[in-house]
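>>> Build me a model from this:
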Amino acid sequence: MPYATLSDMLSRFREDELIQLTDQDGSGSYDANRVRTALDDAAALIDAHLAARYQLPLQVVPRFLVNLHCDLAREALYEDRITDHVQKRADAARTLLRDIGAGKMSLGPDNAGVVQQTNPANGPASVEVVSGGRVFTPDSLADYTRQR
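Down below sits the predicted model:
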């Protein structure tokens, strides 16, 4: 699912940066196909993280997810000559995606449709709750019930 588009890349990053990264034939313009490929690869990574918790495609794409998508696609375009700044932004994007996939962060109220995780071998996943024991017992409530 596309979270960001070519126009999002152009609005977030300078056109001359995209030209530097993708103009392999010296035409003086960016290679839209290379940018779209980087966007597709980044979208696949995002989908892999979100699919664990959300029904895809998302009904509403949060703005921060567009930004993460652009940062990951930009990193892919840099290939082996990546700068520290670009690498840090992409690393931060992957950290946020891991947190979203783990349920530590939410996409927001517009995407509240969390998917129930299933185990194909056993059907729906189960949840086990372990507590420290009962707080209210007949003995601890004895004084309360006698006074009424």
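
>>> Can you name the residues that contact the most centrally placed residue in the chain?
Centroid-nearest residue in the chain: Leu97, 3.5 Å away (criterion: Cα atoms, centre = their mean). With contact set as Cβ atoms under 8 Å, 6 or more residues apart in numbering, Leu97 has these partners: Leu45, Ile46, His49, Leu50, Leu68. In short, each C-beta sits where N, CA and C put it, glycine included.

>>> name the element the first one belongs to?
Spelled out, that is Leu45. Under the criterion of DSSP states H and E, Leu45 resides in helix 32-50.

>>> chain center to that helix: distance?
How far helix 32-50 lies from its chain's middle: 12 Å, per Cα atoms, centre = their mean, to the nearest Å.

>>> what's the neighbour count on Leu18?
22 (other Cβ atoms under 10 Å).

>>> that's a helix at it, yeah?
Yes. Under DSSP: H, G, I helix; E, B strand; the rest coil, Leu18 sits within a helix.

>>> gap between it and Leu10?
7 Å (Cβ to Cβ, to the nearest Å).

>>> give me the number of residues near Asp91?
12.

>>> pLDDT (mean, whole number) over the host helix or strand of it?
Asp91 belongs to helix 84-101 when assigned by DSSP H and E. On average, the pLDDT along helix 84-101 is 96.
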